[in-house]
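> Here is my input; please provide its structure:
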Amino acid sequence: MSTPVAPLRPDRNSYIDALRGVSIVGVVCVHFGGSFVTTDLHVWSPSFLLGLSLNQLFCFAVPMFVFLSGLLAGSSRREIPLIDYYRGRFHRIVVPYLVASVPAFFLLNHYAEWSRLPDFSARLRWLAEHLLYQGVEPTLYFIPLILQLYLVQPLLKALPAWGQRLAPRLSLQTSAALLALLFFAVHVVLGILCYRGALNYYVWGRPSAFFWAFYFFIGLHFRTLTSLLSRRTLVAVSGGAGAIALAAMAWNFHHLLDRSVMGDHFQFNPLDLAYVRPEMLLYDVATVLALGLGVALGWFARPGLFSYLGQFTLEIYLWHILLLYFAVWRYSDALASCRAIPELIMIICVGAAAVIAVATDLWHRIKSFATTHRLVLVRRE
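The predicted model follows:
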């Protein structure tokens, strides 16, 4: 017997916020911890091993964000005109993205690369490709990606109903499940082709909506898909997916720590193909299923640090690279301290996320206070 999905409360869902918080700290860990995964004299050191562990274990963060973006979009019951929907996405995401891209362009050495291009058309093409697809700073690729998915969200949302009309014998749930399998097949095929070098990973993999549409689709139709399953089945699937994720990561580290495969200086590592290595494809899908099904099962997370950070994921994502660059990466003494005391790597990751979250929270509170009390700044002559 099937069971309905636990309803999302009208206020914030603390479990979803906690998932978002863990994932955004994971993104910071992937980038900062990954910077200690080197091929120089520090290879195989404690800081290297911790950085490698953080970089790999939190690989699920971006897939989780894509899934949760679809889930939150699909949970909305408001009917709004399409133009208002796109206008809201523009103000919520595009404007902050453009604001963050400006300092990233000038302060992270991208301007120097851009200025060396031969002519105006090449420079214009560079800006278009990076702003609209790859991200001005490579780590910002997620924003153009999620905007691609939001752009086609109305189409993805309507697909199961269209499938049911084409094949009236199919239920809406079955139509959604078949489409989810189709998107999963596209995800796997693109991943394998990128991994084998038949397709460019930086075009068809990491920044491509085609590659990530599976996660967004299952989030968008999460209620429909999970309504097919009983609670006992959901628990079993979640537990089984968790076991598969652990096995995939164990297999991954079995290879990554094998010096005969990776080289004495880790020079043969495949880490650049982060999301398309077969073991990581499996790990990401299994982890998202294991944790994501907690929403259907009504799992609850007590309000805490991660649920707090989960309210400011966009701002943390946009600004953490700049903060880390000017607070840590520029200073050799700070990096030396992290290598001497590897625990600092994790502390800095959480601290960077917390600093941005608190600053954003204070800014919102100040704006709210000013609006509520109708404060007007008058320039005195």
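> Output the contacting helices and strands for the strand or helix carrying residue 286.
Using DSSP states H and E, residue 286 falls within helix 278-296. When contacts are defined as 3 or more CB pairs under 8 Å, 6 or more residues apart in numbering; DSSP states H and E, helix 278-296 packs onto helix 14-34, helix 61-75, helix 172-195, helix 222-226, helix 231-256. In this view, the C-beta of every residue, glycine as well, is placed from N, C-alpha and C.
> Tell me the helix or strand right after the third one.
Yep, that's helix 172-195 we're talking about. helix 209-220.
> Kindly export that next one (C-alpha atoms) in CSV.
Presented in CSV, the C-alpha positions along helix 209-220 are these (Å, rounded to 0.1, in the frame of the first residue of the first chain):
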residue,chain,number,x,y,z
ALA,A,209,21.6,21.1,-18.0
PHE,A,210,21.2,17.9,-20.0
PHE,A,211,23.6,16.1,-17.6
TRP,A,212,21.9,17.4,-14.5
ALA,A,213,18.3,17.3,-15.6
PHE,A,214,17.8,13.9,-13.8
TYR,A,215,18.2,15.3,-10.3
PHE,A,216,16.1,18.3,-11.0
PHE,A,217,13.3,16.2,-12.5
ILE,A,218,13.1,13.7,-9.7
GLY,A,219,13.0,16.7,-7.2
LEU,A,220,10.3,18.5,-9.3
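> what's around residue 278, how many residues?
By the measure other CB atoms under 10 Å, the count of residues near residue 278 is 14.
> what about the residue nearest to the spatial centre of the chain, distance to residue 23?
Nearest to the mean C-alpha position of the chain, counting by CA atoms, centre = their mean, stands residue 62 at 2.3 Å. Distance, residue 62 to residue 23, using CB to CB, to the nearest Å: 8 Å.
> cool, and residue 293?
From residue 293 to residue 23 the distance is 16 Å (CB to CB).
> For the residue nearest to the centre of the chain, list the residues it contacts.
23, 27, 142, 275 (CB atoms under 8 Å, 6 or more residues apart in numbering).
> What is the nearest of those to residue 41?
residue 27 (28.1 Å; CB to CB).
> and the helix or strand where residue 363 lies, which residues are buried?
Using DSSP H and E, residue 363 maps to helix 343-372. Buried residues in helix 343-372, counted by 16 or more other CB atoms under 10 Å: 344-346, 348-349, 352-354, 356-357, 360.
> okay if I get those as TSV plus distance to residue 307 and pLDDT?
As requested, the buried residues of helix 343-372 are exported to TSV (distance: CB to CB, whole Å; pLDDT from 0 to 100):
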residue	distance to residue 307	pLDDT
344	25	98
345	23	98
346	19	97
348	21	98
349	17	98
352	18	98
353	13	98
354	13	98
356	16	98
357	11	98
360	15	97
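> got a list of contacts for the worst-scoring helix or strand of the chain on mean pLDDT?
None of the helices or strands of the chain scores lower by mean pLDDT, DSSP states H and E than helix 82-89, at a mean of 81. The contact list for helix 82-89 (CB under 8 Å, 6+ apart) reads 80, 147, 150-151, 154.
> Over to stretch 40-55?
Counting by CB under 8 Å, 6+ apart, residues outside stretch 40-55 touching it are 26, 29-30, 32-38, 256, 259, 264-266, 271, 338-339, 342-343, 345-346, 349.
> The same query, at a cut-off of 10 Å, please.
25-26, 28-39, 249, 253, 256-257, 259, 262-267, 269, 271, 274, 335-336, 338-346, 349 (CB atoms under 10 Å, 6 or more residues apart in numbering).
> tell me the pLDDT at residue 369?
Per-residue confidence at residue 369 stands at 81 (pLDDT).
> Renumber starting at 46 from here on
Okay, residue one is now 46; in that scheme the one you just asked about reads as residue 414.
> List buried residues within the contacts of helix 127-134.
Judged by 16+ other CB under 10 Å, buried ones among these: 192, 195.
> Make CSV from the contacts of helix 127-134 and add distance to residue 90 and pLDDT to it.
CSV is the format used below for these (distance: CB to CB, whole Å; pLDDT from 0 to 100):
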residue, distance to residue 90, pLDDT
125, 53, 76
192, 39, 94
195, 42, 94
196, 44, 93
199, 50, 92
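> Point out the ones among the contacts of helix 127-134 that are inside helices.
192, 195-196, 199 (DSSP state H).
> And the furthest pair within the residues you listed?
Going by CB to CB, the pair spanning those furthest: 192 and 199, at 13.9 Å.
> just to revisit the earlier point, any idea which of the ones in helices among the contacts of helix 127-134 is the one closest to residue 118?
residue 195 (7.4 Å).
> Quick one: list the elements packing against the helix holding residue 408.
helix 59-79, helix 91-102, helix 350-354, helix 358-369, helix 377-385 (3 or more CB pairs under 10 Å, 6 or more residues apart in numbering; DSSP states H and E).
> Apply 6 Å and report the result again.
helix 59-79, helix 358-369, helix 377-385 (3 or more CB pairs under 6 Å, 6 or more residues apart in numbering; DSSP states H and E).
> Now find how far off-centre it is within its chain.
19 Å (CA atoms, centre = their mean, to the nearest Å).
> rewinding a little: just the contacts of residue 107 now: which is nearest residue 236?
Among the contacts of residue 107, and counting by CB to CB, the member closest to residue 236 is residue 320, at 7.0 Å.
> helix, strand or coil for that closest one?
coil (DSSP: H, G, I helix; E, B strand; the rest coil).
> Output the buried residues of helix 388-417 in JSON lines; the columns should cover distance to residue 230.
Below are those laid out as JSON lines (distance: CB to CB, whole Å):
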{"residue": "389", "distance to residue 230": "43"}
{"residue": "390", "distance to residue 230": "38"}
{"residue": "391", "distance to residue 230": "37"}
{"residue": "393", "distance to residue 230": "40"}
{"residue": "394", "distance to residue 230": "35"}
{"residue": "397", "distance to residue 230": "38"}
{"residue": "398", "distance to residue 230": "35"}
{"residue": "399", "distance to residue 230": "40"}
{"residue": "401", "distance to residue 230": "38"}
{"residue": "402", "distance to residue 230": "38"}
{"residue": "405", "distance to residue 230": "39"}
